[in-house]
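Peer 1: for reference, the sequence and a predicted model appear below.
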Amino acid sequence: MQAETDILPTSVKVELCRRLWAAGSRDLEVTSFVPATWIPQFSDADDLVPALVVPAGARAVALVPNLRGLRRALDAGVREVSVVVSATESFARANLNTSREGAIERAEAVIAEAVAAGVPVRGYVSMSFGDPWEGAVDTATVTEAAARLHGAGASTVAISDTIGVATPGLTMRLVRETVAAGVPTDAIALHLHDTYGQALANVYAALTLGVSEFDSSVGGLGRCPYAKGATGNLATEDLVWMLHGLGIETGLDLSALSQTTAWLSRIRGVRAPSNVATAMAAASASALEPPITAGDAR
């Protein structure tokens, strides 16, 4: 929600998480413990986390920007966190308020303290496929950052297509090079945006290499505020539709997910970009319409 102009009430966020867990999700990133002056959409993080009822076996992950954010998250009751670094200098300066190296060192410090407290850490390498200021990204900078996060103790490293420019060929190359840099395949995730409509193709390409963890967003919400024209994250409904079509069991209820997207869209007054949610809502509406009889024809 960081790039959206509206700020959801805490109660709506709690209900959103409840609905997503009820739909079968077991892995939610629920908030971020960034300063409210940076991103006011997350100013209620300290109140949101204690209000959540996390089902047994489920994860409620919170993003933390630094050690202060980590300590706030732990005080609020978070038991898993995520950290973000950048593959490019420009994005590190614009979004993380430090250098590329400074962001990695800061993340390493967070990982060390979190792991010492028994808290797992998930790492993100932003701008792994392209940067709005620098253009193409050297894959060596991506794999170096990923290897450092994993070496510091991050249990998962999400290679992130922050502006949605990845293609299947580049996805496969970057996954292979990340593995060659020492990050096991089962520790690699992909964080994809769908700006150029390639996100599902990129998922399929990574699946063929053994990657099995993919980030997605309910309704396809979320985008990079620093990249002009960049659209939302890969929609959870679209991802689940494809995976189920491949015979992959996800444990997710597609109908419940689509209904959650429709509910949130009504509250926000904004149409979600998910193709599957839109199609399922239209099919549901058609099913409720009375059939046309011969006498109704004109």
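Peer 2: Received, thanks. All of these numbers come straight from a predicted model, not from anything done at the bench.

Peer 1: which pLDDT value belongs to the nearest residue to Gly24 once chain neighbours are set aside?
Peer 2: Take Gly24 and drop its neighbours on the chain: the residue closest to it by CB to CB, 6 or more residues apart in numbering is Leu252, 4.2 Å away. Where C-beta positions appear, they are placed from N, C-alpha and C, glycine not excepted. Note on Leu252: pLDDT of 97.

Peer 1: mind exporting the longest helix seen in the chain as PDB, just the C-alpha atoms?
Peer 2: Longest helix in the chain by number of residues (criterion: DSSP state H): helix 100-116. What follows is helix 100-116, C-alpha atoms only, in PDB (Å, rounded to 0.1, in the frame of the first residue of the first chain):
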ATOM      1  CA  ARG A 100      24.200   0.400  -2.000                       C
ATOM      2  CA  GLU A 101      27.000  -0.800   0.300                       C
ATOM      3  CA  GLY A 102      25.500   1.000   3.200                       C
ATOM      4  CA  ALA A 103      22.100  -0.700   2.700                       C
ATOM      5  CA  ILE A 104      23.800  -4.100   2.600                       C
ATOM      6  CA  GLU A 105      25.800  -3.400   5.800                       C
ATOM      7  CA  ARG A 106      22.600  -2.100   7.500                       C
ATOM      8  CA  ALA A 107      20.700  -5.300   6.500                       C
ATOM      9  CA  GLU A 108      23.600  -7.500   7.700                       C
ATOM     10  CA  ALA A 109      23.400  -5.800  11.100                       C
ATOM     11  CA  VAL A 110      19.600  -6.300  11.300                       C
ATOM     12  CA  ILE A 111      20.000 -10.000  10.300                       C
ATOM     13  CA  ALA A 112      22.600 -10.600  12.900                       C
ATOM     14  CA  GLU A 113      20.400  -9.100  15.700                       C
ATOM     15  CA  ALA A 114      17.300 -10.800  14.500                       C
ATOM     16  CA  VAL A 115      18.900 -14.200  14.200                       C
ATOM     17  CA  ALA A 116      20.400 -13.800  17.600                       C
END
